[in-house]
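In: Next one to model:
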Amino acid sequence: MVGPRFGPTTGTQFNDNPDRPIMLHLKSKLLALAAALLCAGTAFAQDSGPLIDILVRKGLITDQEGEDLRSELTKDFAANSAAGKLNLGSHLTEFKLGGDVRLRHQVETQAPQNGTVSNERTRERFRFRFNGDALMQKGWGAGFALETASAADSGNQTLENGNNDYNLYLARAYVSWRPNLNWMFAGGKQKNPFYTTDMVWDSDINPQGVTEIHTRFIGAKDTLEFRAGQLLMDDNNETGIGRAGRDAWLFAQQAVYTHWFGKDAIGNVVNSLVIAPGFMLYNDSTLSGLDNETPFNGTTDGLAVFTMPGEVNWMNVAGAGTSVKFYWDFAYNLEAERRVRKVYGLANQPKDAAAWLVGVGYNFGTGKVQGDYSVKLDYRSLGTGSLDVNLSDSDWAFGRVNQEGFKLAAAYNLTDFASFNATYFHTTDKRETQTSAVSNLDHSQILQLDLVVKF
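Out: Reported below is the predicted structural model:
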């Protein structure tokens, strides 16, 4: 009887008897050994991925067997952990946790009108965000977000005060309900539901109130959405007289049409056009206690703003995964004259009711994979009476109106989860000799260098 033989250099075992599946026995023993090792301790079980990957690469188990083993180890760890079990309700269908840490070096310059002093400042800043979003049965959802600043339009903290600790603030807390594919309702402090640019809405702002979205599907891929929000801006004591005794509400509505066109090499429709006319209107009330980057505390009079943002995207312009975007925004305040002359007290100044933005961007990849990068440049002009300074971008011109200038931004993915970003803002005034705090900036510059790590 001839025993098993081994190759001279590789140690590979040959089977001279086909009725004795030696390789299968070896595979079973290795699998049993791997399972025993992986299950030896809960801490080791959590780090089993690399060992399973080795078994797959060596051909000892298939990809599916590897996934099954991971699943079994995860279930075993969850069932047998001595402490700290995560017990999720059976009504949950999806639960996501994530966030990011951003380190920022910022250099800024701003100069007031009719002055000779240019205020310069260098700051080291950071931002921490932690988010949770849950989907539940019957279309329900809920979520939250924590971040490191109380200002509505900024999550940044400047490093200072001798290593003191920093507070965390609740940036989002909402409940949602989607009864079907056509309707979506949400209440609480939530992600901004409107299609917009940062000319009108700072990207850090999470509106609070009630929102509704109705979606209609057109043809194979086009959509028409009607979005509305009844947003509570400030709660006032009803014992006050006149507007001071009314809560401040912002009523916003928008129609968003998305049209798909063009095809890639395999016939997929990939290019898109978005047009989103909207209207924003305040009730007659007052705002007080706002602590955003450039707050305006006072009456909400004179704000009835028509908006028209949009974009065109062309995919695969310089190879697979590349894209070019042309985007714009336009706003016109129908009550700008009242806003400028009565609210801001600029009796002899023109209303300057319009604000506009045009920009172009180039993307290599989606910004989620190592080596992806993007560059974009836009130019904008904000008339004194055009927008609500409590909503517009707090970085561009430090949140002020009566300014025009550009924003240049670039991003590069160092890894799948870390990126380096650089942003530069430069603005100058449209009209001189304005005395209102929202419009008396002569010029400004800001340079921001960011390292962002997502988890």
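
In: which SSE is the residue nearest the centre of the chain in?
Out: Nearest residue to the geometric centre of the chain (C-alpha atoms, centre = their mean): Ser203, 7.3 Å. Here Ser203 sits in a region with no helix or strand, counting by DSSP states H and E.

In: Against Leu391, how distant is it?
Out: For Ser203, the distance to Leu391 equals 11 Å [C-beta to C-beta, to the nearest Å]. Yep, even glycine has a C-beta here, placed from its N, CA and C like the rest.

In: same thing with Glu147?
Out: In terms of C-beta to C-beta, Glu147 sits 18 Å off from Leu391.

In: residue boundaries of the strands in the stretch 151-300 of the chain?
Out: 157-158, 169-180, 183-189, 208-218, 222-234, 248-263, 269-275, 278-282 (DSSP state E, counting those that start in this stretch).

In: For the ones you listed, state which one has the densest average packing.
Out: Comparing the strands of the stretch 151-300 of the chain by mean neighbour count (mean count of other C-beta atoms under 10 Å), strand 278-282 comes out on top with a mean of 19.

In: mind showing which ranges of the protein have poor pLDDT?
Out: 1-49, 70-71, 73-86, 116 (pLDDT under 70).

In: do that again at 50, thanks
Out: For the chain, applying pLDDT under 50 flags the ranges 1-24, 26, 41-46.

In: Kindly report the domain assignment for it.
Out: Structural domains annotated on the chain: 18-80, 92-454, as defined by automatic domain parsing.

In: hey, which of the ones you listed is tucked in deepest?
Out: domain 92-454 (a mean of 17).

In: so how far is that one off the chain centroid?
Out: Domain 92-454 sits 10 Å away from the centroid of its parent chain (C-alpha atoms, centre = their mean, to the nearest Å).

In: For it, what is the spacing between the initial and final residues?
Out: Start-to-end span of domain 92-454 (C-alpha to C-alpha, to the nearest Å) is 24 Å.

In: ok, now stretch 138-155?
Out: 34 Å.

In: All the helices of the stretch 251-400 of the chain, residue numbers only.
Out: Along the stretch 251-400 of the chain, the stretches classed as helices by DSSP state H, counting those that start in this stretch are 336-338.

In: residues contacting Ser394?
Out: 151, 153-154, 202, 204, 292-294 (C-beta atoms under 8 Å, 6 or more residues apart in numbering).

In: Over to Glu238?
Out: With the criterion set at C-beta under 8 Å, 6+ apart, Glu238 makes contact with 245-246.

In: Try it again at 6 Å.
Out: Taking C-beta atoms under 6 Å, 6 or more residues apart in numbering as the criterion, Glu238 is in contact with Gly245.

In: how far away is the nearest residue in space to Ala134 that is not next to it in sequence from Arg172?
Out: Nearest residue to Ala134, sequence neighbours excluded (C-beta to C-beta, 6 or more residues apart in numbering): Phe95, at 4.8 Å. Distance of Phe95 to Arg172, computed by C-beta to C-beta: 15 Å.

In: just Leu441 next, same as before
Out: In terms of C-beta to C-beta, Leu441 sits 31 Å off from Arg172.

In: element containing Leu103?
Out: For Leu103, the element it lies in under DSSP H and E is strand 92-112.

In: which strands and helices sit next to the helix or strand following that strand?
Out: Following strand 92-112 in sequence order, the next helix or strand is strand 119-136 (DSSP H and E). When contacts are defined as 3 or more C-beta pairs under 6 Å, 6 or more residues apart in numbering; DSSP states H and E, strand 119-136 sits against strand 92-112, strand 140-147, strand 157-158.

In: Save the strands of the stretch 151-300 of the chain as TSV, and put in distance to Leu103 too.
Out: Conversion of the strands of the stretch 151-300 of the chain to TSV gives the following (distance: least, C-beta to C-beta, whole Å):
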stretch	distance to Leu103
strand 157-158	11
strand 169-180	19
strand 183-189	26
strand 208-218	29
strand 222-234	32
strand 248-263	34
strand 269-275	33
strand 278-282	35
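
In: Of all the ones you listed, which one is nearest Asn316?
Out: strand 269-275 (6.9 Å; C-beta to C-beta).

In: List of residues touching stretch 402-417?
Out: 369-370, 372-379, 381-382, 384, 396-397, 419-431, 434, 439, 454.

In: now stretch 421-430
Out: Under C-beta under 6 Å, 6+ apart, the answer for stretch 421-430 is 396-397, 402-411, 442-450.

In: what's the answer for stretch 207-221, then?
Out: Contacts of stretch 207-221 (C-beta under 6 Å, 6+ apart): 182-187, 189, 192-193, 223-232, 260, 269.

In: where do the strands sit along the stretch 351-455 of the chain?
Out: Under DSSP E, counting those that start in this stretch, the stretch 351-455 of the chain gives strands at 354-364, 373-382, 403-413, 418-429, 441-454.

In: Out of the ones you listed, flag the one nearest Gly278.
Out: strand 354-364 (13.6 Å).

In: Dump the strands of the stretch 351-455 of the chain into TSV; add distance to Thr307 as well.
Out: Output for the strands of the stretch 351-455 of the chain, formatted as TSV (distance: least, C-beta to C-beta, whole Å):
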stretch	distance to Thr307
strand 354-364	9
strand 373-382	13
strand 403-413	18
strand 418-429	21
strand 441-454	23
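
In: looking at those strands, which is closest to Asn167?
Out: strand 441-454 (21.2 Å).

In: how big is the angle separating that closest one from strand 92-112?
Out: Per axes from the mean of the first three to the mean of the last three C-alpha atoms, to 10 degrees, the angle that strand 441-454 makes with strand 92-112 is 150 degrees.

In: Who are the packing partners of strand 441-454?
Out: strand 92-112, strand 418-429.

In: Can I get these in a markdown table including distance to Ser176?
Out: Formatted as a markdown table, these follow (distance: least, C-beta to C-beta, whole Å):
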| stretch | distance to Ser176 |
| --- | --- |
| strand 92-112 | 13 |
| strand 418-429 | 29 |
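
In: Between the ones you listed, which one is closest to Gly132.
Out: Comparing those against Gly132 with C-beta to C-beta, the closest turns out to be strand 92-112 (5.2 Å).

In: can you list contacts of the closest one?
Out: So strand 92-112 is contacted by 118-123, 125-136, 398, 440, 442-455 (C-beta under 6 Å, 6+ apart).

In: do the same with stretch 367-386
Out: Taking C-beta under 6 Å, 6+ apart as the rule, stretch 367-386 contacts 199, 331, 333, 336, 339-340, 351-359, 361-365, 401-404, 406-413, 415-416, 439.

In: now stretch 144-153
Out: 127-132, 155-157, 166, 168-169, 171-173, 202, 204-205, 291-293, 394.

In: Could you find the closest non-adjacent residue to Val358?
Out: Trp328 (5.0 Å).

In: Mind listing the residues bridging to that neighbour?
Out: Following DSSP bridges, Trp328 is listed with bridge partners Gly310, Val358.

In: doesn't Val360 make contact with it?
Out: No. Using C-beta atoms under 6 Å, Trp328 is not in contact with Val360; the gap is 9.9 Å.
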